[in-house]
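S.K.: Sequence first, predicted coordinates after that:
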Amino acid sequence: MRFTAIMGPLSSIFDIATFALLIGVVHAGIGEFRAAWFIESMASQILVVFVIRTSLPFWRSKPHRALTASALLGLASAVVLPFGPWAGLLGFTSPSIGLVAGIAALILIYLAAAELLKGYALRAAPAKALSARLTRMPV
């Protein structure tokens, strides 16, 4: 429960930051907004897997090759899709390189924040407090 209570709002904060970037800073049109939102949401959710999959710092725990390969394939597909000839079919307009750089910066900050908060989110409740809560729970 603690993990969800910490990591869920963190993700929402960065969703709001993405909206602020797209609407308030870049003034993205509908197609550019869709494309940028797609890239940001796919990239952040694919990459955060490497952060939350281990209690160690993510750079100290080597993921399985299958996870790495499938994640990189998914990430590459998500980044390329809005720039391809089929982008219009999905309602995408190619975002500018500056916007993609801004999204990349937001994602890096999100991943750093997730890494910093992960230890607290994964920390177990003290045994005494957990025991007290369990004895008060109705059966």
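M.R.: Happy to help now that I have it.

S.K.: what residue lies at the spatial centre of this protein?
M.R.: residue 44 (2.9 Å; C-alpha atoms, centre = their mean).

S.K.: Distance of that one relative to residue 106?
M.R.: Noted for residue 44: a distance of 8 Å to residue 106, by C-beta to C-beta, to the nearest Å. Backbone N, C-alpha and C define where each C-beta goes, glycine included.

S.K.: So which residues of this structure form helices?
M.R.: Along the chain, counting by DSSP state H, helices occupy 2-19, 30-52, 65-80, 97-122, 127-136.

S.K.: Quick check: which of the ones you listed is buried the most?
M.R.: Among those, helix 30-52 has the highest mean neighbour count (mean count of other C-beta atoms under 10 Å), at a mean of 19.

S.K.: Now do that one: which elements does it pack against?
M.R.: Secondary-structure packing of helix 30-52 (3 or more C-beta pairs under 8 Å, 6 or more residues apart in numbering; DSSP states H and E): helix 2-19, helix 65-80, helix 97-122.

S.K.: next one: it to chain centre, how far?
M.R.: From the chain centre to the centre of helix 30-52 is a distance of 7 Å (C-alpha atoms, centre = their mean, to the nearest Å).

S.K.: The chain should start at 55 in everything you say after this.
M.R.: All set: I'll call the first residue 55, so the last point we hit is now helix 84-106.

S.K.: Identify the residues contacting that helix?
M.R.: 61, 65, 68, 72, 76-77, 80, 82, 112, 117, 121, 125, 128-129, 132-133, 135-136, 141, 144-150, 153-154, 157-158, 160-161, 164-165, 168-169, 172 (C-beta atoms under 8 Å, 6 or more residues apart in numbering).
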